[in-house]
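Peer 1: Please find the sequence and the predicted model below.
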Amino acid sequence: DAKTTQPTSMDCAEGRAANLPCNHSTISGNEYVYWYRQIHSQGPQYIIHGLKNNETNEMASLIITEDRKSSTLILPHATLRDTAVYYCIVKQGSGNTGKLIFGQGTTLQVKP
Amino acid sequence: EAGVVQSPRYKIIEKKQPVAFWCNPISGHNTLYWYRQNLGQGPELLIRYENEEAVDDSQLPKDRFSAERLKGVDSTLKIQPAELGDSAVYLCASSSPGTPRETQYFGPGTRLLVL
């Protein structure tokens, strides 16, 4: 599976959009981009995933560049409860075959 | 729908002692995962089960770690004997091909401290 690179930490003001970048320059054609987050003292939680088209759900939006070498997770209106570590993961297939390989993620601090 | 249940939530033991962690996955999920998460790091997969069969245990330190999922539902992860370096959070997750997004659902983890 391709490796991902994320900033170690980011701050965001409450109510503003949080844009979390991820580089995955070695991604291959059948690999999906997944985003999970982990709030302190909890297990990771699925946010969103995509292959090449932009995706949106009730939690976030995922923007994948045309060459698929990078992506951005967007939390449109960040709240204090969005403070967490955000993991960008590249994985073969959209199903539960293939393991999730977590990096160190981005620690997002939402400030009042 | 109940989530993934793990127990205990916290465990403190002395080195060389045995320890066991228990996981009850979401009902109907046939795939179960055990991860280990060291402080400041992301989770690392230890073992994956499809029903009662371990299909990926390549990262499980087999000299001291063992796992079982006898009836394809609950699972137990054991360490014997524990070492100082085993201090970590042990996470259980489950998934199923029939669920939306086919994502992994994680439990809260068991925080182990070996003294």
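Peer 2: Ah, there it is. Bear in mind that the values here come from a model prediction, so they are computed numbers and not experimental data. Numbers count the residues shown, from 1 in each chain, chains lettered A, B, ... in the order given.
Peer 1: So what's the residue count around residue A:11?
Peer 2: As a burial measure, residue A:11 scores 11 neighbours (other Cβ atoms under 10 Å in any protein chain shown). (C-beta placed from N, C-alpha, C; glycine too.)
Peer 1: oh, I was asking about residue A:13
Peer 2: Neighbourhood size, residue A:13 [other Cβ under 10 Å]: 11.
Peer 1: dump the residue contacts of the closest residue to it other than its chain neighbours.
Peer 2: Of all residues not flanking residue A:13 in the chain, residue A:111 sits nearest, at 5.9 Å (Cβ to Cβ, 6 or more residues apart in numbering or on different chains). By Cβ atoms under 8 Å, 6 or more residues apart in numbering or on different chains, residue A:111 lies in contact with A:11, A:12, A:13, A:14.
Peer 1: Quickly list what the residue nearest to the spatial centre of chain A is bridged to.
Peer 2: Nearest to the mean C-alpha position of chain A, by Cα atoms, centre = their mean, lies residue A:35 at 3.4 Å. Per DSSP bridges, the residues bridged to residue A:35 are residue A:48, residue A:88.
Peer 1: And the pLDDT at it?
Peer 2: As predicted, residue A:35 sits at a pLDDT of 95.
Peer 1: Could you do residue B:46 as well?
Peer 2: In the predicted model, residue B:46 carries a pLDDT score of 96.
Peer 1: for chain A, what are the nearby residues on chain B?
Peer 2: B:4, B:31, B:33, B:40-45, B:48, B:56, B:91, B:93, B:95-97, B:101-109 (Cβ under 8 Å from any Cβ of the partner chain).
Peer 1: The residue nearest to the centre of chain A contacts residue A:89, correct?
Peer 2: Yes - if you go by Cβ atoms under 8 Å, residue A:35 and residue A:89 touch, sitting 7.4 Å apart.
Peer 1: Strands along chain A, start to end?
Peer 2: Assigned by DSSP state E, the strands in chain A fall at A:9-13, A:18-23, A:31-38, A:45-50, A:55-56, A:61-64, A:70-75, A:84-92, A:106-111.
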